[in-house]
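Enquirer: Below are the sequence and a predicted model; questions follow.
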Amino acid sequence: MSRRRRKHEDHTNHEAWAIPYGDLMTLLLAFFVVMYAISSLNEGKYRILSDSLVAAFRGTPRTLEPVQVGEKQVGSGADLKVSLVEQGTLEGQPRQLLEAVPIENAHPLRNGPRRAGGAGQPLPGTTAADEAMLRKVADEVEQAMQDLVERKQVLVRRYVDRVEVEIRTDILFQSASADLSPHAQAIIGRLAVALARFANPVRVEGHTDNVPIHTRAYPSNWELSAARAATVVHIMSERGIEPARLAVLGYGEFRPAKPNDSAEGRNMNRRVLLVVTGVGEAPEVAVAPAAIVAQPVSP
C-alpha cells in the first residue's frame, strides 16, 4: 500500500515590507546628510568674498568689522585674510571717502516729491554753472513778483538743483474752475517774462485740496489740477517761453503741503507750483518721495 506524500504548505512572509522600508530610510538619511552639507556656509570664505568685491569696485566700506555669521573658525586663516583685505581696501580709498559727511555740507532736499537721483545725493546733471544760473533765476523771479512775495501770495524757494515758485490759486482761479481772470493772466505774464530770458526747463504742477469735485468738465481733482497747470502753461508759452521747455503735472489732492483738516490748510494746498530745473534736464523729469527732510538753501 503506497503512502501518499504530504505536500508542505508554503508559509507567507509577513515581514517582507521591512526590507524596502529600511532601504527607503537609508536613502532619506543620505539625502538629508547631503542637503545639510550643501547648506553649511563657510563664514571665512564668505567674508573674504564680500570684502574682495568691495575692494575691487572701490566702494566705501560701511564698517571696519564684517558682520559675524556664527563663530569664527579658529586656525582657518580666515581672520588673517579678512584683515589683509580690509587694510588693502582702506589704503586704496581717498581719505575723504572714508570720513563722515557733515549734515550742513550735504545737498538739501525738500519735504515732499523730489527728482530721482538718490536720497541725500545731488543729481548727476547739477553743475556749478547750473547752480549759478538757478540763483539768477530766483533773483529775477523775486524782483518781478516782489509785491506778491511780500504779501506771501507767491513763495520762491531756492535749492541746489532747482527753484520752486509757488502761487496760491486763490489769486488765480475761482473755486472749481481752471479759467484765469485778466488780473491772474497779468500775474502769470509777469512770471513768464522773468523766466523767458533763461533757457531752464519749467515744470508746472497743479495741486488741490481734498474737497471732492464731480462736474462734467472735471470728474475729479485730477482733471482740475491738471487743467489749472495746463492753463498756466498756455499763458507762459504765449508770453515767450518755448513750449519744449514746459511740462504739465496734475497731482490732485495727493501731494498736500499742509493737512486738509482745516480751512487754512486746504487753502494752502490749493496751489500751482513752478519747478525750474537745470539747463541740461528735461522738464518732465521723474519725481519720487524724498527719504530725507531738509531746509531750502539760503539766497
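Expert: Yep, that arrived. Numbers count the residues shown, from 1 in each chain.
Enquirer: where in the stretch 101-250 of the chain is pLDDT low?
Expert: Applying pLDDT under 70 to the stretch 101-250 of the chain flags the ranges 101-126.
Enquirer: Next, give phi and psi for residue 253.
Expert: Main-chain dihedrals, residue 253, degrees, to the nearest 10: phi -100, psi 10.
Enquirer: For it, the count of nearby residues, please.
Expert: 21 (other CB atoms under 10 Å). Every C-beta, even on glycine, is put in place using the N, C-alpha and C of the backbone.
Enquirer: Wait, it touches residue 220, no?
Expert: No. Residue 253 lies out of contact with residue 220 (CB atoms under 8 Å); the separation is 9.2 Å.
Enquirer: pretty sure residue 229 is in contact with residue 249, am I right?
Expert: Yes. Residue 229 is in contact with residue 249 according to CB under 8 Å; the separation is 6.3 Å.
Enquirer: So for the two, which residue has more residues nearby?
Expert: Just comparing residue 229 and residue 249: by other CB under 10 Å the higher neighbour count belongs to residue 229, 25 against 20.
Enquirer: measure that one to residue 53 for me?
Expert: From residue 229 over to residue 53 the distance is 46 Å, taken as CB to CB, to the nearest Å.
Enquirer: can you check residue 193 too?
Expert: 55 Å.
Enquirer: and those two? which has more neighbours close in?
Expert: Per other CB under 10 Å, whichever of residue 193 and residue 53 has more neighbours is residue 193, with 15 against 11.
Enquirer: what sits against that one?
Expert: Contact analysis of residue 193 by CB atoms under 8 Å, 6 or more residues apart in numbering lists 144, 239, 240.
Enquirer: Filter these down to the buried ones and hand me the ChimeraX line.
Expert: Remark: buried members of these, expressed as a ChimeraX selection using 16 or more other CB atoms under 10 Å:
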select :144,239
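Enquirer: Go through the contacts of residue 193 and flag which are in helices.
Expert: Among the contacts of residue 193, the ones falling in helices (DSSP state H) are residue 144.
Enquirer: where along the chain do the helices fall?
Expert: Ranges of helices in the chain, per DSSP H, are 18-39, 43-56, 78-92, 95-98, 128-144, 146-150, 182-196, 221-238, 263-269.
Enquirer: Tabulate those in CSV, adding columns for distance to residue 173.
Expert: What follows is the helices of the chain, written out as CSV (distance: least, CB to CB, whole Å):
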stretch, distance to residue 173
helix 18-39, 65
helix 43-56, 55
helix 78-92, 58
helix 95-98, 50
helix 128-144, 20
helix 146-150, 15
helix 182-196, 7
helix 221-238, 6
helix 263-269, 13
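Enquirer: so which of these comes closest to residue 157?
Expert: Taking CB to CB, helix 128-144 is the member of those nearest to residue 157, at 8.4 Å.
Enquirer: May I see the buried residues of that closest one?
Expert: In helix 128-144, counting by 16+ other CB under 10 Å, buried: 130, 131, 133, 134, 137, 138, 140, 141, 142, 144.
Enquirer: Looking at those residues, spot the one nearest residue 37.
Expert: Among the buried residues of helix 128-144, residue 130 lies closest to residue 37 (CB to CB), at 58.0 Å.
Enquirer: got a list of what that closest one touches?
Expert: Counting by CB under 8 Å, 6+ apart, residue 130 makes contact with 161, 278, 279, 280.
Enquirer: Quick one: buried ones out of those residues?
Expert: Taking 16+ other CB under 10 Å as the criterion, what is buried in the contacts of residue 130 is 161, 278.
Enquirer: Point out the least confident one among the contacts of residue 130.
Expert: Of all the contacts of residue 130, residue 280 carries the smallest pLDDT score, 70.
Enquirer: what's the burial count for residue 31?
Expert: Residue 31, neighbours per other CB under 10 Å, totals 10.
Enquirer: I'd like to know how far it sits from residue 18.
Expert: Residue 31 sits at a distance of 20 Å from residue 18 (criterion: CB to CB).
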